[in-house]
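Asks: sharing a model prediction with you, sequence too.
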Amino acid sequence: MKVAYVKIVAIVGLISVLLLQMVWLNNTYSIIKKSVVDEGNRLFEEAIADAASLNFNKLPKGTTVFGAPRNSKNKHLPESTYLIESFLEYNLETKISQIDSIFRILLDQKNINANLYVNRIQTEDNSIVETTRNSSATIWGTVKTQAIPFRFDESQSVQAIMLNPYWTIFKRMGLLMIATAIMMIVVITCIIYQIKIIIRQDKIAKVREDFSYAMIHDMKTPLSSILACTSLLHSGKTESTPQLRERYFCIIEDETGHLLNLANKVLTISKLESHKLEMAKITFQLKPMVEDLIEKFSAKCAKPLHFTLNLQAEEVHGDEEYLKEAISNLIDNAIKYSYQTVDISISSLNNATHTLIKVRDNGIGISEKDVKHIFEKFERASAFKRSRLGKVAGFGLGLNYVYQVMEAHEGSVTVNSIEKEFSEFTLYIPLKTNDL
């Protein structure tokens, strides 16, 4: 599956999860809101009854006030309506300001935080007869209680309006919202992580494909040369020309060595990465090793090649074989990625903790964005790929080999480069320490 399709599927899945969460939260919100409204209706009816009951203290002693009669035809009316009507016979009015105050107290006791006001309204047209509303009170986001009849004939009713009680609803949803937020963060993080893994796997698959193609292509040439030389030697045509016969044997030997070095390099990197390869560290002279490399590359380089040496540090403590191969890779890259004339400077010096070996060339350089990836396996800088040098053989293993060797030495490698001007690689090799 292409990465673009994976992203589309992931985004669609994420949107679906978000929509499901929104539906779930909306349903939960509606349920909690209904419970708050139902609780508000019950408390409002209780507040009306409590406010009406305050009039008992104002009645003459011995006066009897009846609630709802059992044989009443209006059994749907709450008992508070009968109490209010009964007190009117004694000119005792139930004040909506008292209902307002008692209702506020009851709401606070139930942790329902909301400003409110109470209206006495004409039931027929909902016109307001009396209100406790402050003129500055907002009417946005209101929740109304049920209208309770204020008169026995239901001509008037009282109703409470709770202003913006949503904080109470959200507070009751608090744990659910936190859990939902955490879950969504986890889901989004997992999806993003999965996409990154898929993109990386796709990149690795392409790199492996390119590597396999490049390796097979690079192996094909020496194998073809070996096969051709072997066929000629078997044919007996070179029996009369010993010099030509010797030349073919040299070609076979060189090409076989090339294939062996390539296989060894891949195996060595694999062992270094799995920490299965141990360094045989000794203290050795740096100059003979460098001079041997100069002789080797000068003999086979097709370009004009010039070396400059400045070896202030004469000795190095490390594995001579692997350090020699690491420096060889740097020189090889310098030749591959340079123009017509190749100038290579090799220098060394000691600081307090390390021996520094620097290899500088006058090649095409490395761009700033490629520097951070240049030591990765199979990585070849984009400047190398699109340079005017054309197709350059290689698999992106050389610099990774250098990096792995320096890691095995408990050292490091750095690069300083300006595109189209130069590249300078510095190997940091720890000095030998005397164990007590």
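Replies: Perfect, thanks for sending it.
Asks: break down the stretch 51-200 of the chain into its strands, ranges please.
Replies: Assignment of strands within the stretch 51-200 of the chain using DSSP state E, counting those that start in this stretch yields the ranges 115-122, 128-131, 142-144, 148-149, 156-163.
Asks: out of those strands, nearest to residue 11?
Replies: Using Cβ to Cβ as the criterion, the shortest distance between residue 11 and these is 37.6 Å, found for strand 142-144. Using the backbone N, CA and C atoms, a C-beta is placed for each residue, glycine as well.
Asks: how much space separates residue 314 from residue 350?
Replies: According to Cβ to Cβ, to the nearest Å, residue 314 and residue 350 sit 10 Å apart.
Asks: give me the more crowded residue out of the two.
Replies: Neighbour tally, residue 314 and residue 350, criterion other Cβ atoms under 10 Å: the higher count belongs to residue 350, 15 against 11.
Asks: returning to that earlier point: need the strands of the stretch 51-200 of the chain in CSV with mean neighbour count, can you?
Replies: Written out in CSV, the entries for those read as follows (neighbours: other Cβ atoms under 10 Å):
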stretch, mean neighbour count
strand 115-122, 19
strand 128-131, 14
strand 142-144, 16
strand 148-149, 22
strand 156-163, 21
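Asks: worst mean pLDDT among these?
Replies: Confidence, taken as mean pLDDT, is least for strand 142-144 of those (a mean of 85).
Asks: helices or strands up against it?
Replies: Helices and strands touching strand 142-144, as assessed by 3 or more Cβ pairs under 8 Å, 6 or more residues apart in numbering; DSSP states H and E, comprise helix 3-53, strand 156-163.
Asks: quick one: closest of the strands of the stretch 51-200 of the chain to residue 17.
Replies: Each of those was scored for nearness to residue 17 using Cβ to Cβ, and the closest is strand 142-144 (30.9 Å).
Asks: quick one, which of the strands of the stretch 51-200 of the chain gets closest to residue 48.
Replies: For the strands of the stretch 51-200 of the chain, distance to residue 48 was read as Cβ to Cβ. The smallest value, 5.6 Å, belongs to strand 148-149.
Asks: now what about the closest one, what contacts it?
Replies: Applying Cβ atoms under 8 Å, 6 or more residues apart in numbering, the external contacts of strand 148-149 come out as 44, 45, 48, 77, 78, 80, 81, 123, 156, 157, 158, 159.
Asks: returning to that earlier point: take the strands of the stretch 51-200 of the chain and write them to CSV, including distance to residue 107.
Replies: Shown next, in CSV, are the strands of the stretch 51-200 of the chain (distance: least, Cβ to Cβ, whole Å):
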stretch, distance to residue 107
strand 115-122, 7
strand 128-131, 18
strand 142-144, 12
strand 148-149, 16
strand 156-163, 8
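Asks: nearest to residue 239, of the ones you listed?
Replies: With Cβ to Cβ, the closest approach to residue 239 among those belongs to strand 142-144: 109.2 Å.
Asks: that older thread, just put the contacts of strand 148-149 in CSV and tack on distance to residue 411.
Replies: CSV is the format used below for these (distance: Cβ to Cβ, whole Å):
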residue, distance to residue 411
44, 80
45, 83
48, 86
77, 93
78, 89
80, 89
81, 93
123, 92
156, 93
157, 89
158, 87
159, 83
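Asks: so what's the residue nearest to residue 166 when sequence neighbours are not counted up against?
Replies: Once flanking residues are discounted, residue 166 sits nearest to residue 141: 6.3 Å by Cβ to Cβ, 6 or more residues apart in numbering. With contacts taken as Cβ under 8 Å, 6+ apart, residue 141 has the following neighbours: 163, 164, 166.
Asks: and residue 354, by the same measure?
Replies: Remark: with contacts taken as Cβ under 8 Å, 6+ apart, residue 354 is in contact with 411, 428, 429, 430, 431.
Asks: any idea how many residues pack against the first one?
Replies: What that stands for is residue 411. Based on other Cβ under 10 Å, the number of other residues close to residue 411 is 19.
Asks: ok, it to residue 96 distance?
Replies: As it turns out, when the distance is counted by Cβ to Cβ, residue 411 lies 87 Å from residue 96.
Asks: residue 106: which of the contacts of strand 148-149 is nearest?
Replies: Looking at the contacts of strand 148-149 and their distance to residue 106, the nearest is residue 44, at 8.2 Å (Cβ to Cβ).
Asks: ranges for the helices of the stretch 201-350 of the chain?
Replies: Remark: helices of the stretch 201-350 of the chain, listed N- to C-terminal, are 242-273, 286-300, 320-336; assignment by DSSP state H, counting those that start in this stretch.
Asks: neighbouring contacts of the last one?
Replies: For helix 320-336, the external contacting residues (Cβ under 8 Å, 6+ apart) are 265, 268, 279-280, 282, 284, 289-290, 292-293, 296-297, 301, 303, 305, 316, 342, 344, 346, 357, 359, 361, 363, 389, 392-394, 398-399, 401-402, 405-406, 408-409, 423, 425, 427, 429.
Asks: ok, now with 6 Å
Replies: With contact meaning Cβ atoms under 6 Å, 6 or more residues apart in numbering, helix 320-336 is reached by 284, 289, 293, 297, 301, 342, 344, 359, 361, 363, 392, 398, 401-402, 405, 425.
Asks: and the furthest pair within those?
Replies: Greatest spacing in the contacts of helix 320-336, by Cβ to Cβ: 284 and 392 (32.0 Å).
Asks: for residue 410, which three-state class applies?
Replies: Under the three-state scheme (DSSP: H, G, I helix; E, B strand; the rest coil), residue 410 adopts coil.
Asks: tally of neighbours for the nearest residue in space to it that is not next to it in sequence?
Replies: The shortest distance from residue 410 to any residue other than its chain neighbours is 5.6 Å, reached at residue 430 (Cβ to Cβ, 6+ apart). By the measure other Cβ under 10 Å, the count of residues near residue 430 is 15.
Asks: do residue 27 as well
Replies: With neighbours defined by other Cβ under 10 Å, the count for residue 27 comes to 10.
Asks: enumerate every residue touching residue 113.
Replies: With contact taken as Cβ under 6 Å, 6+ apart, residue 113 is in contact with 167, 168.
Asks: ramachandran angles for it?
Replies: phi -90, psi 110 (degrees, to the nearest 10).
Asks: same question for residue 110.
Replies: Residue 110 has phi and psi values of phi -100, psi 10 when expressed as degrees, to the nearest 10.
Asks: now it: how far from residue 54?
Replies: Distance of residue 110 to residue 54, given as Cβ to Cβ: 21 Å.
Asks: buried ones among the contacts of helix 320-336?
Replies: 289, 293, 297, 342, 344, 359, 361, 363, 398, 401-402, 405, 425 (16 or more other Cβ atoms under 10 Å).
Asks: distance to residue 326 and pLDDT added to those, as CSV?
Replies: Output for the buried ones among the contacts of helix 320-336, formatted as CSV (distance: Cβ to Cβ, whole Å; pLDDT from 0 to 100):
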residue, distance to residue 326, pLDDT
289, 11, 92
293, 11, 91
297, 14, 86
342, 19, 91
344, 15, 94
359, 10, 95
361, 15, 93
363, 18, 89
398, 9, 79
401, 7, 84
402, 5, 90
405, 5, 89
425, 9, 95
